[in-house]
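*Asks:* following is a predicted model, sequence given first.
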Amino acid sequence: MGRIQLKQVKKAFGDVVVIPPLDLEIEDGEFVVFVGPSGCGKSTLLRLIAGLEDTTAGTIEIDGQDATGLPPAKRRLAMVFQSYALYPHMTVRKNIAFPMRMAKMSLQEQNSRIEAAAKALNLTDYLDRRPGQLSGGQRQRVAIGRAIVREPAAFLFDEPLSNLDAALRVGMRMEISELHKKLDTTMIYVTHDQVEAMTMADKIVVLQAGVIEQVGSPLELYRTPRNKFVAGFIGSPKMNLIEGPEAAKHNAATIGIRPEHLTVSPESGDWKGIVGVSEHLGSDTFFHVAVDGFAETVTVRAGGDVDLHYGDAIYLTPDHELIHRFDEKGLRIP
Amino acid sequence: MARAITPRRKILTSGLAWAIGILLFFPIYWTILTSFKTEAQAINDPPLFFFFDWTLENYAVVQDRSDYMRFLWNSVIIAGGSTLLGILVAVPAAWSMAFVPSKRTKDILLWMLSTKMLPAVGVLYPISLIFVEFNLLDTRIGLVVVLMLINLPIIVWMLYTYFKEIPGEILEAARMDGAGLREEILYVLTPMAIPGIASTILLNFILAWNEAFWTLNLTAAGAAPLTAFIASYSSPEGLFFAKLSAASTMAIAPILILGWFSQKQLVRGLTFGAVK
Amino acid sequence: MATKASRSAARIMMAPAVILLLGWMLVPLTLTLFFSFKKYLPMRGDSLEGGLDWVGFENYGRFISSSSFWPSVQTTLIMVGGVLLITVVLGVLLALLLDQPIWGQGVVRILVIAPFFVMPTVSALVWKNMLMDPVNGILAHLWRFFGAEPVSWLSDASMQSIILIVSWQWLPFATLILLTAVQSLDSEQLEAAEMDGAPPLKRFWHIVLPHLSRAITIVILIQTIFLLSIFAEIFVTTGGAFGTRTLTYLIFQRVVDSQNIGLGSAGGVYAIILANIVAIFLMRIVGKNLDA
C-alpha cells in the first residue's frame, strides 16, 4: 500500500517561503511525476515526503496514518538519489543488503531478495564489485535495487537520470516504467524534463515557485493546460504563445497553438511569414517562422520532406479547434 | 608538467636538492650515528663519519640509568590516550558541523581555533593550581586531559574538513534505508572517513608526543614522558654525547617513522584546511 | 537542510566538545585575570585561603616598568622575526626547488621534512651539544678545519643560535605548505607567460609569488602563534640567559622561579592579548576559506 496525502503542507527556510500551503493526493500504485523548472520546489516537496526535511506546517499522511513527525527511517519509503548515493565502501551486494540489515531481516531472506533483485536488474555478475568499478547506468540500477528489496510503500526518485548520457537515459526511462508496471507500487518521480514526465507518468504535478500549477494525466495537461505556464512547459517543441491583435480576434489576451497544429503552405493561409532557422530531424522538420505582425517567431512542425529554405515566404494556418485561449491573468478561457 | 627538461638541468637541480636535504637531515643523522659510538669516539677529532666500532652499549646504559621504557610507556599512554579521547569527542562534533550546519557553525569552528591560540604560559599557574587541587600533578590522566584539550581544535577541524568531502546524500540514503543516527555514523560515515580519521589520529599523536610545555611543567618523576626524559640530559655530566645521542634517537625514532607517513595530512591539519 | 530531529541531535553531539573547550578557555582565563589584580607571593605567606590583597592594576604597571620587560619584548620580536624571515625565504626557494623534476624526489622530501618531527627538547639538546659545543661540536671541528677559532655559540651568539635551531625545526613546515601551494599553480599560466616572453625572474615575481601570497600569509600567522610560545628550546639551551629571555620565558620565570603569581598573571594577560592580535588575522583568512 502506498497512498500519500499532503494536507496544507508548507515549507519555509527562515522567512523565505519555498512552498506555500498545498494539498496533494497520491493514490496507491500511481506513478506521479513532479515537474517544473529548477528551483520550483519539486525536490523540496519530495524531501518533505521522504522526511529529510521538516514541514513548517500541515500534515503528511501515508496510508491514512500521520507521518509528519516520523523520521525517514520509519516511513517505509525508499529513495533513489540523483548522485545514486551508493555506499562506496560496500560491495554491490552489501549496498543492496543495507536496508534489510537495518530492518534486521534474516540472512536467508536477505540473500534471496538480493538474488532476485540482481537478476531483475542485470546485476548478478557485479554483486561483488564496489560502486567505483561500475558505470553510471549500473550504479543507477544498484540504487534501484537497494530501493526495491525493502518492498517499500512508495518509491521516491530525485532526478535519477540527470547524470546519465542521453542514450542511456531513454533506456533507463523504459526500465523504470517497466518496474512500475511489474511492482505496481506508488512511485513519485522528480524531474525538470517534461519529456520524462510525459512518457512515464500516470499523473503529472506541474510546479512553479512552490505552487502547484496543474495536476492531471499527461494528455490532460497537453490538451487542456490550465494556464499559460503549463501550456508553455508541457509539449516539445513549446507551444507558440501569441499576444496582441491576433489574440484579440479570438477574444483573448493570449492565444496558444502547438507547432504540430499548424499547417504550412507555400501559397495561401491565415498568417504570412518568412522562414528563419529550420531544424531537420529526418522524420519531422521544425521551422521557425517570422510572421508579419507577431512579436515573436512561430515554431511549426512539418513533414520531413517539406523543402523550404531560409528566407522563403510561407503561409501558416492554425487548426482553429485546437487554439488555446488565455485571459490577462494567463488563465485558460474555456 | 609534460615539459622537456634538459638532462644537465636535472642533474643540477637534483644535486642541489640532495645537498640541501642532506644538510638539513645532518643533525639527525649525526645523532643516530653517534649513538652507536663509544663516548671516546663520539668526541674524536677529527669526527668519525662512518668507520668506527659500532656498539649498542649506550642504549643499554640509557635504559639502566633512567629506565627509558617507563618514559616511553608514559609517552605512548599520554599521546595515544589524548588522541583517542579527542577523536571520541570530536567525531560527533565534526559530524554535526559538517552535515547539520547552522548559522553559528562557522563561528563555533573559529572560536574553537581561537582556544588553540591561547598562550600556554598565560594560564600556567591556574592550570597547576587546578592540578594540585584535583591531585592530577604528575599523573598520566592529567596530561591526557590537557593534551586532549589543546589538540581538540585541530582534531575537530581536520575531521570537519574530511567529513565535508563526503556527500550528504549518502548519509540521507542511509537514513532512508532505515538507519538511525548511531547506525548512520557507525556503518556509513565512519567507514567512509577512515582515511581521514587515520590521518587525524596520526598527526595528533605526533603533536601530543612532541608537546613540551605542559609535559615539562606538569610532571615530575612518575608520569614524565620522553620530552622530560630528554630534558634531564640538559646539564652535562662528563662524557655524555653518545648516551645523549642514544636517548635522543630512542625518543625521536618512533615519531620519525610515523611522521613520514603523515606528510600530506600535515599540511591540511596544521593550516586548519586553509591549504590542501 | 535538515530536520528538527537531526538539528537537536547535532546540538547534543556538539555539546561535549564545546563544553570542554569552553571550560578549558574560561576557567584558567578567569583565574589568570583574577590573580593579575592580586598580590600573590606564596613564598611570602600569601595564600588563597588567607585571602589575597587587591592591588588593582599595580601588577600590570610593574610588569611593564620592570627592567626586563622591554628587553624581553625586543628579544621576542627579533626571535620571531628572524625565524619567520629565514623560514619563509628559504621555504619559498626550497619549495620551488623541490617542485622541479629531480631524482629521488620522495627521499629528498623526507630528508627535508624530518626535522619537524624531532621533539623540541631533543633538537635543542642535539644542537646545543653535538653541533654547537665549543670544544667537541661539529661546528667547532669545522671552524678548526678552516683554521678559525671555534665559537661559543650559545653564550657569544646566543640569539643567532636559537634562531638557527628554531628555524631548522620550522623550515620543513614552511617548505611543505609552500610546496603544496606551488604544486597547485596552474602550469598553463606559466607557459602562457613564457610564450609572452617573460623571463624566469619576472615569471617568479609576477605569477608565482602572487600565487603563493596566501600560503605565505598562512605560514607567517601559524608560525607566529607557535613561535610566540617557544619554550623548550630556551629552557634546555640558555635557560633565558645571554639575552634570550622572551616574553613567554619571562612570564614563566615570574610564575615558577620567583613565584610572583600576580605579576606573572599580569604578564600572561599581556601575552594573551598579543597572541589574540595575531590570531584575529589568521582567523579572518581561515574564515574566508570556510565560505568558499
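*Replies:* Structure received.

*Asks:* what residue ranges in the stretch 51-200 of chain C score low on pLDDT?
*Replies:* Scanning the stretch 51-200 of chain C for pLDDT under 70 picks out nothing.

*Asks:* one more time with 90
*Replies:* Scanning the stretch 51-200 of chain C for pLDDT under 90 picks out the ranges C:51-77, C:96-114, C:116-126, C:128-160, C:173, C:176-200.

*Asks:* just the helices from it, written as ranges.
*Replies:* For the stretch 51-200 of chain C, the helices defined by DSSP state H, counting those that start in this stretch occupy C:58-65, C:69-99, C:105-113, C:120-125, C:138-145, C:153-156, C:158-183, C:187-195, C:200-203.

*Asks:* I'd like those as TSV, with mean neighbour count and distance to A:I62 appended.
*Replies:* (Glycine included, C-beta is placed from N, CA and C.) Formatted as TSV, the helices of the stretch 51-200 of chain C follow (neighbours: other CB atoms under 10 Å in any protein chain shown; distance: least, CB to CB, whole Å):
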stretch	mean neighbour count	distance to A:I62
helix C:58-65	17	67
helix C:69-99	19	59
helix C:105-113	19	58
helix C:120-125	27	62
helix C:138-145	16	79
helix C:153-156	18	78
helix C:158-183	23	51
helix C:187-195	13	55
helix C:200-203	12	64
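
*Asks:* go through these and name the closest to chain A.
*Replies:* Proximity to chain A (CB to the nearest CB) singles out helix C:158-183 among those, at 25.1 Å.

*Asks:* returning to what we had before: nearest to B:E183, out of the helices of the stretch 51-200 of chain C?
*Replies:* Closest approach to B:E183 among the helices of the stretch 51-200 of chain C is made by helix C:158-183 (36.4 Å; CB to CB).

*Asks:* quick one: that closest one to helix C:69-99, angle?
*Replies:* Angle, helix C:158-183 to helix C:69-99, by axes from the mean of the first three to the mean of the last three CA atoms, to 10 degrees: 40 degrees.

*Asks:* go ahead and flag the most central residue of chain A.
*Replies:* By CA atoms, centre = their mean, chain A has its centre lying nearest to A:A197, at 3.1 Å.

*Asks:* what residues of the one helix or strand it maps to count as buried?
*Replies:* Using DSSP states H and E, A:A197 maps to helix A:194-200. Across helix A:194-200, burial judged by 16 or more other CB atoms under 10 Å in any protein chain shown covers A:Q194, A:E196, A:A197, A:M198, A:M200.

*Asks:* list the contacts of residue 215.
*Replies:* I went with chain A, as the question did not name one. Residues counted as contacts of A:V215 (CB atoms under 8 Å, 6 or more residues apart in numbering or on different chains) are A:L24, A:K203, A:I204, A:V205, A:V206.

*Asks:* ah, I was thinking of chain C
*Replies:* B:V275, C:I177, C:L178, C:T180, C:A181.

*Asks:* confirm it sits in a helix?
*Replies:* Yes - going by DSSP: H, G, I helix; E, B strand; the rest coil, the assignment for C:A215 places it inside a helix.

*Asks:* skipping its backbone neighbours, what lies nearest it in space?
*Replies:* Excluding its sequence neighbours, the residue lying closest to C:A215 (CB to CB, 6 or more residues apart in numbering or on different chains) is C:A181, at 3.6 Å.

*Asks:* check A:M198 too.
*Replies:* A:P218 (4.7 Å).

*Asks:* same check on A:E30?
*Replies:* A:E30's closest residue in space is A:D202 (CB to CB, 6+ apart), at 5.0 Å.

*Asks:* please point out which parts of the helix or strand encompassing A:E246 sit buried.
*Replies:* Element membership of A:E246 [criterion: DSSP H and E] is helix A:245-249. The neighbour-count check on helix A:245-249 (16+ other CB under 10 Å) flags A:E246, A:A247 as buried.

*Asks:* tell me the centre residue of chain B?
*Replies:* With distances taken as CA atoms, centre = their mean, B:I206 lies nearest the centre of chain B, 1.1 Å away.

*Asks:* so what's the gap between the helix or strand where it lies and the chain middle?
*Replies:* Secondary structure assigned from DSSP H and E places B:I206 in helix B:190-210. Centroid displacement of helix B:190-210 relative to its chain, using CA atoms, centre = their mean, to the nearest Å, is 10 Å.

*Asks:* for that helix, what is the average pLDDT?
*Replies:* The average pLDDT within helix B:190-210 is 87.

*Asks:* restricting to C-alpha, output that helix in PDB.
*Replies:* In PDB, the C-alpha atoms belonging to helix B:190-210 read as follows (Å, rounded to 0.1, in the frame of the first residue of the first chain):
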ATOM      1  CA  THR B 190      33.000   6.200   9.900                       C
ATOM      2  CA  PRO B 191      34.000   3.600   7.300                       C
ATOM      3  CA  MET B 192      33.900   6.200   4.600                       C
ATOM      4  CA  ALA B 193      36.000   8.600   6.700                       C
ATOM      5  CA  ILE B 194      38.600   6.000   7.800                       C
ATOM      6  CA  PRO B 195      41.400   7.500   5.800                       C
ATOM      7  CA  GLY B 196      40.700  11.000   7.200                       C
ATOM      8  CA  ILE B 197      40.300   9.700  10.800                       C
ATOM      9  CA  ALA B 198      43.500   7.800  10.500                       C
ATOM     10  CA  SER B 199      45.400  10.800   9.300                       C
ATOM     11  CA  THR B 200      43.900  12.900  12.100                       C
ATOM     12  CA  ILE B 201      44.900  10.300  14.700                       C
ATOM     13  CA  LEU B 202      48.400  10.100  13.200                       C
ATOM     14  CA  LEU B 203      49.100  13.900  13.200                       C
ATOM     15  CA  ASN B 204      47.700  14.400  16.600                       C
ATOM     16  CA  PHE B 205      49.600  11.600  18.100                       C
ATOM     17  CA  ILE B 206      52.800  13.300  16.700                       C
ATOM     18  CA  LEU B 207      51.800  16.700  18.100                       C
ATOM     19  CA  ALA B 208      51.000  15.200  21.500                       C
ATOM     20  CA  TRP B 209      54.200  13.100  21.500                       C
ATOM     21  CA  ASN B 210      56.300  16.300  20.900                       C
END
